[in-house]
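# using only what follows, build the 3D model:
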Amino acid sequence: YGDHRDLHLSIRRQRQMCIRDRDEYVVSEYFRQAEPNQIVVDYPIGKEFWPKFGEMNSEQVRDLQEIRFLQLVDKAWSNPFYLRRWTAAGLEPGDIIGLDDITKIPTFSKSDLMESVERFPPFGDFIGKMNWSDGQRVIMHTTSGTTGNPQPLFYGPKDREIQNALLARAYLLQGLNHDDIVHSVYGFGMVNGGHYIREAVLHYTNALLLSAGTGLETRSEQQIDLMRRYGATVIVGFSDYITKLAEVAKKQGIDPITDLKIRMISGHLAEEGGAAMSEAWGGVECFDWYGVGDTGIIAAEGPDHDGLYIWEDAHLVEILDPETGNVVMDGEKGNICNTVLFKDTVYPVIRFDTKDVSTILSGRGGLSLPFRRLAGFQGRSDNMIKLKGINIYPTGISAILKDVKELNGEYFCQVEKQAGSDIMTVVCEADEKNHTKELVDRIQQLLKQRLGVALEVKVTAVGLTAEKTQINARQKPIRLIDLRK
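Prediction:
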């Protein structure tokens, strides 16, 4: 499977399948294979969500997970990536007979997938044997490359549409209405983000979508004009850029509170919970959700704002100690490790260590759903910097800087070696009139008080961090620049 000739043959077959005899013309096999009507029965959304899960208990959820998990395990044994890794770990078919055995299975991370790509170019052996490709539609995207080279992402029609339905489930639970106009700032190109949101909104809601993309795809000033011109009521995307758009509106003489009609924001909130973004948009209700390209949405905040409910009919989440790989107790921080219970067409995702840090909240949330809850994104363990024995998460700096009123929230952290020691400098933005030693000293004191270690601080002019963070071009701004490498 090194040259993946079968995959290229499959792509040619897909083209041919779209042009059959004219008497039997089919637009695409995609939806025939996806079976969307069955998807919303198996993974209900909207008004069908509550009748199924409102009456279900956690034991029934686990029973459902076990059935779907064992189907994945059977699929994995025919996948070259899992076969070689599981065999190397001493596993044999039949060793995994239930969820209680899941910790016997070795985890994998993006580095393992990229190693697979390097050994078996161009797609890696994790996409499996090519027997699935005979007549099977294949969707390809890549990751953004935030933590390195982009990773290829593959989906079959069914698991792609389940991901779409689960995202729509979140939007509808959070209050999206059929007459909303949704302004999306997720990026397009090869990355999954913008396409994923577009498909979820168009396939499983009746809302109108403005797919503006990032600031590189549609200038920030033009995005504000689009929102005003077409009466956008909901914004979806990453909090850093959405917060910036409020400032862009003000510079254009447009009040984001009175001149625009935004009533709801849903996306990926900063670690302070999106308070700064909500304030910038006049106190609108903000909702968080979490997922990665390999998995689709995993968990979403509900109207109770009491953590992110894990879609446990579709995902099995473990929290792992970043150093030992062992499962930690509820309430303890660790890496989110996810098993996608429905992804079995192109390749399964079993015990994927995302390296994203979070916590399982104890007890049941305010909605009394049978699902456990995540605390939300709390940093990345592979972006963690250890200074004098203290773990520093660069994305967590945002929650501290928001308490300094002179700053606009834009920043990045730079780490370098000086005289044999690691030194971190926080570069942040403020109006030039505020570039004072008193402000720098105050920020340093605040950071030391909150983090327990001294950091260097540099205050720069508004807009000057954008070249480093690439906030206008990327869905996820760069917050760490490591010059030690």
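
# could you use CA atoms for every contact and neighbour count after this?
Will do.

# grab the nearest non-local neighbour of E66.
Leaving aside its sequence neighbours, E66 sits nearest to L99 (Cα to Cα, 6 or more residues apart in numbering; 5.8 Å).

# I should have written L451 there, sorry.
Take L451 and drop its neighbours on the chain: the residue closest to it by Cα to Cα, 6+ apart is I392, 7.5 Å away.

# equivalent analysis for N434, please.
Here the nearest residue to N434 in space, its sequence neighbours aside, is E406; by Cα to Cα, 6+ apart that works out to 6.8 Å.

# G98 too?
In this structure, G98 finds its nearest non-sequential neighbour in E66, 6.3 Å apart by Cα to Cα, 6+ apart.

# quickly find the element holding that neighbour.
The secondary structure element spanning E66 is helix 58-76 (assigned by DSSP states H and E).

# pLDDT on that helix, on average?
Here the mean pLDDT over helix 58-76 is 96, rounded to a whole number.

# just the buried positions in the helix or strand that comes right after it, please.
On the C-terminal side of helix 58-76, the closest following helix or strand by DSSP H and E is helix 80-88. Of all the residues in helix 80-88, those buried under the rule 16 or more other Cα atoms under 10 Å are 80-83, 85-86.

# what's around the residue nearest to G98, how many residues?
Look at E66: counted by other Cα atoms under 10 Å, it has 18 neighbours.

# for C337, see how far away it is.
17 Å (Cα to Cα, to the nearest Å).

# E59 now?
Using Cα to Cα, one gets 21 Å for the distance from E59 to C337.

# between those two, who's got more neighbours?
Of the pair E59 and C337, C337 is the one with more neighbours under other Cα under 10 Å, namely 23 against 10.

# now the spatially closest residue to the more buried one that is not a sequence neighbour: which helix or strand?
For C337, ignoring the flanking residues on the chain, the nearest one in space by Cα to Cα, 6+ apart is D353 at 4.2 Å. In this structure, D353 is located in strand 349-358 according to DSSP H and E.

# who touches that strand?
Applying Cα atoms under 8 Å, 6 or more residues apart in numbering, the contact partners of strand 349-358 are 72, 105-110, 292, 294-295, 319, 322, 333-340, 343, 374-382.

# show me where pLDDT drops low in the stretch 251-400 of the chain?
Counting by pLDDT under 70, the stretch 251-400 of the chain contains no low-confidence residues.

# how about the strands in it?
264-268, 285-292, 296-301, 308-310, 315-320, 334-340, 349-358, 360-361, 373-374, 385-387, 390-392 (DSSP state E, counting those that start in this stretch).

# Serialize those strands to TSV and add fields for distance to E199.
Conversion of the strands of the stretch 251-400 of the chain to TSV gives the following (distance: least, Cα to Cα, whole Å):
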stretch	distance to E199
strand 264-268	16
strand 285-292	16
strand 296-301	12
strand 308-310	21
strand 315-320	20
strand 334-340	19
strand 349-358	21
strand 360-361	29
strand 373-374	25
strand 385-387	37
strand 390-392	37
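
# show me what contacts A454?
When contacts are counted by Cα under 8 Å, 6+ apart, A454 is found next to 444-445, 447-448.

# give me that answer again for 10 Å
A454 makes contact with 387-388, 423-425, 444-448, according to Cα atoms under 10 Å, 6 or more residues apart in numbering.

# which of those fall within helices?
Secondary structure of the contacts of A454 is defined by DSSP state H; positions in helices are 444-448.

# which of the residues you listed lies closest to V138?
The nearest member of these to V138, counting by Cα to Cα, is L447 at 47.8 Å.

# top strand in the protein by residue count?
Residue-count comparison of every strand in the chain, with assignments taken from DSSP state E, identifies strand 407-418 as the longest.

# mind giving me the packing neighbours of that strand?
Strand 407-418 makes packing contacts with helix 239-251, helix 397-401, strand 421-430, strand 456-460, helix 466-469, strand 480-482 when contacts are defined by 3 or more Cα pairs under 10 Å, 6 or more residues apart in numbering; DSSP states H and E.

# among the ones you listed, which comes closest to I310?
Evaluated with Cα to Cα, these place helix 239-251 nearest to I310, the distance being 20.6 Å.

# can you list the buried residues in the closest one?
Within helix 239-251, the residues that qualify as buried are 239-249, counting by 16+ other Cα under 10 Å.

# assess the claim that V234 and R263 are in contact.
Yes: in terms of Cα atoms under 10 Å, V234 counts as a neighbour of R263; the distance is 6.1 Å.

# okay, and the common contacts of the two?
The contact sets of V234 and R263 overlap at 180, 284-286 (Cα under 10 Å, 6+ apart).

# low pLDDT regions in the stretch 51-200 of the chain?
Answering for the stretch 51-200 of the chain: the residues below the bar, that is pLDDT under 70, span 128-134, 145-148.

# would you map the strands across it?
Assigned by DSSP E, counting those that start in this stretch, the stretch 51-200 of the chain shows strands spanning 139-142, 152-155, 181-184.

# T243 and M277 touch, don't they?
Yes: with contact taken as Cα under 10 Å, T243 and M277 are classed as touching, separated by 4.9 Å.

# for the nearest residue to V138 once chain neighbours are set aside, give me its contacts.
Counting by Cα to Cα, 6+ apart, the nearest residue to V138 once its immediate chain neighbours are dropped is G156, at 5.2 Å. Under the criterion of Cα under 10 Å, 6+ apart, the contact list for G156 reads 30, 33-34, 132-133, 136-140, 343-347.

# what subset of the residues you listed is buried?
Here, 16+ other Cα under 10 Å leaves 30, 34, 132-133, 136-138, 343-347 buried among the contacts of G156.

# so which of these is the closest to K476?
Of all the buried ones among the contacts of G156, K343 has the smallest distance to K476: 25.1 Å, by Cα to Cα.

# partner residues bridging M140?
For M140, the residues forming beta bridges with it (DSSP bridges) are F154.

# that older thread, which of the contacts of strand 349-358 are buried?
Among these, those scoring as buried are 72, 105-108, 110, 294-295, 319, 322, 333-340, 343, 374-381 (criterion: 16+ other Cα under 10 Å).

# which other residues reach stretch 430-444?
400-401, 403-411, 425-426, 428-429, 445-449, 453-464.

# got a PyMOL select line for the buried ones in those?
Written as a PyMOL command, the selection of buried residues from these, which uses 16+ other Cα under 10 Å, is:
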select buried, resi 400+401+407+408+409+410+411+425+426+428+429+445+446+447+453+454+455+456+457+458+459+460
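
# lovely, talk soon.
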